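Asks: only geometry, no sequence info:
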C-alpha cells in the first residue's frame, strides 16, 4: 500500500507525526511525504530518508494568499499523485488540507483523509476582523473537505464551528481525536525543581498565542515576587500575527522575560519549570501543553477551544479567560503561594497524559478510522 502524507513544515513532521509514520511503516506501508523546505536542513532530510520515507518537494507558501502560487501548489500535487498513485492521502495544516484534498479528489484517490489540527490566523480575532480572508478560507475548506472520506478534528469546538459555518455538510464523515497525542515515554515524568519558581511558555511568538498576556502577567507577578522566573521558548514567525523583535527586546531588557529561543528538544526547558503556561486564544489541541503534562507539570491555559480540553479545572491546572492579564496573574500567584498545588496538579497532569493523550492510543483510533489495522 502507498500512503501519501502532505505536510506544511519539514521541522514539525517528526515531532508531530513521527509516531503515526512509525505505525504506518510497521504495517508494511510505503509512506511518501510531500512537503516544502526539504533543503533547509540536510540532517533532517537524511533522518527522514533513513527512516524509510519517500520524500517529495512541493512548493508551498505557508503564509499569504497568492492565488498563482497556490494554484501552482495544487498543480504540483496533482502531478505527484498521478505519478505515485497512492491508495491513501492524509493531509494536515490549512494549505496541505485544502490543496491536498482538492488534488486527491480530482485524481480520485481511493482513501482521502484530512486532519484539522487548528484553525490558524484566518479564524482568530474578532468577527469583523480578517473577514475577507476568513470567508475565502471557509469557501476553500468547504470545497476541499467535501471530497474527504474522513475528517479528523482535535477538539469538539472546531467540529461544531465547521458545521455552524456551513463548511461541512450535516452527514460529513468526521471523528474527534485527542490531539496529536504525546509520547509519554519520551516526555517522561521529571521532578519539579526545588529552586526559584519558574513559569514557562512554548509557542511561536504570535499575538494569538497570548504572548503579550504572558509578558504583562509576568510583570505583575514579578512586582510581588522579584525572583520568580518567566521563560519563553519559541521564535518570531512570518505569520501576520507575529509580534515585533523590538517588543520582545523590551521585555528582555526590562527583566520580565528570559528568552531561551527555539529548541529542537524542549524537554530540558520543561524540566526546569514549575508550571507551564499557554494563554492562547484558540488551538486544535496544543502539543506543548501535552508535553508539559506528560512531564508532570501543572497547567495554566485559557478557557478556549482546544486549550480547555487539556485542563480539568482545579485538578491538573487552572483555566483563565482569554485575554485577561489580571486573571492570568492571579492564577500564577496561586501557584507561587501554594507549592503543594504545584506538586498535586503536576502529578495529575502526568496521569491524564497517560490515560487520555498517549500517542499510541490516539494513533490507533486514527488508524482504525482510516481502515488501517
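Replies: Everything's here; your move. Given the structure is predicted, the values throughout are model-derived calculations rather than measurements.
Asks: can you give me the helices in the protein?
Replies: Assigned by DSSP state H, the chain shows helices spanning 13-26, 42-50, 67-84, 94-106, 131-145, 156-164, 211-224, 245-254, 267-271, 287-294, 325-336, 339-356, 359-370.
Asks: any buried residues in the fifth one, and which?
Replies: It stands for helix 131-145. Of the residues in helix 131-145, 134, 137-138, 140-142, 144-145 count as buried by neighbour count, 16 or more other Cβ atoms under 10 Å. C-beta coordinates here come from the backbone N, C-alpha and C atoms, glycine included.
Asks: look up how far residue 22 lies from residue 367.
Replies: Taking Cβ to Cβ, to the nearest Å as the measure, residue 367 falls 12 Å from residue 22.
Asks: coming back round to it: so of the helices of the chain, which one's packed in deepest?
Replies: helix 287-294 (a mean of 28; mean count of other Cβ atoms under 10 Å).
Asks: quick one: list the elements packing against that helix.
Replies: strand 198-204, helix 267-271, strand 275-278, strand 298-302, helix 339-356 (3 or more Cβ pairs under 8 Å, 6 or more residues apart in numbering; DSSP states H and E).
Asks: quick one: residues in contact with it.
Replies: 15-16, 179-184, 187-189, 200, 202-203, 266-267, 270, 273, 276, 278, 299, 301, 307, 310-311, 316, 349-350, 352-354, 357 (Cβ atoms under 8 Å, 6 or more residues apart in numbering).
Asks: report the buried members of those.
Replies: 15-16, 179-184, 187, 189, 200, 202-203, 266, 270, 273, 276, 278, 299, 301, 307, 310-311, 316, 349-350, 352-353, 357.
Asks: what's the neighbour count on residue 1?
Replies: 13 (other Cβ atoms under 10 Å).
Asks: I'd say it and residue 32 touch.
Replies: No: the criterion here is Cβ atoms under 8 Å, and residue 1 misses it with residue 32 at 11.0 Å.
Asks: identify the residues contacting the closest residue to residue 4 other than its chain neighbours.
Replies: The shortest distance from residue 4 to any non-neighbouring residue, by Cβ to Cβ, 6 or more residues apart in numbering, is to residue 86 (4.1 Å). Residues in contact with residue 86 (Cβ under 8 Å, 6+ apart) are 2-4, 32, 109.
Asks: who are the contact partners of residue 151?
Replies: Residue 151 sits in contact with 113-116, 145, 168, 172-175, where contact means Cβ under 8 Å, 6+ apart.
Asks: tabulate these in a markdown table, adding columns for distance to residue 11.
Replies: Compiled in a markdown table, these are given as follows (distance: Cβ to Cβ, whole Å):
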| residue | distance to residue 11 |
| --- | --- |
| 113 | 22 |
| 114 | 21 |
| 115 | 18 |
| 116 | 21 |
| 145 | 26 |
| 168 | 30 |
| 172 | 31 |
| 173 | 31 |
| 174 | 28 |
| 175 | 27 |
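Asks: whichever of those residues end up buried, select them in ChimeraX.
Replies: Remark: buried members of the contacts of residue 151, expressed as a ChimeraX selection using 16+ other Cβ under 10 Å:
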select :113,114,115,116,145,168,174,175
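Asks: looking at the helices and strands packed on helix 287-294, which is closest to residue 52?
Replies: helix 267-271 (25.6 Å; Cβ to Cβ).
Asks: do you know how far the spatially closest residue to residue 200 that is not a sequence neighbour is from residue 198?
Replies: The shortest distance from residue 200 to any non-neighbouring residue, by Cβ to Cβ, 6+ apart, is to residue 273 (3.7 Å). Residue 273 sits 5 Å away from residue 198, going by Cβ to Cβ.
Asks: also residue 70?
Replies: Taking Cβ to Cβ, one finds residue 70 at 43 Å from residue 198.
Asks: re the thing from before, do you know which of the helices of the chain lies nearest residue 120?
Replies: helix 94-106 (5.2 Å).
Asks: okay, the angle between that closest one and helix 131-145?
Replies: Per axes from the mean of the first three to the mean of the last three Cα atoms, to 10 degrees, the angle that helix 94-106 makes with helix 131-145 is 40 degrees.
Asks: give me the residues contacting helix 94-106.
Replies: 4, 6-8, 34, 60-62, 70, 73-74, 77-78, 80-81, 89, 91, 112, 114-116, 120, 122, 137, 140-141, 143-148.
Asks: right, I'll call it a day here.
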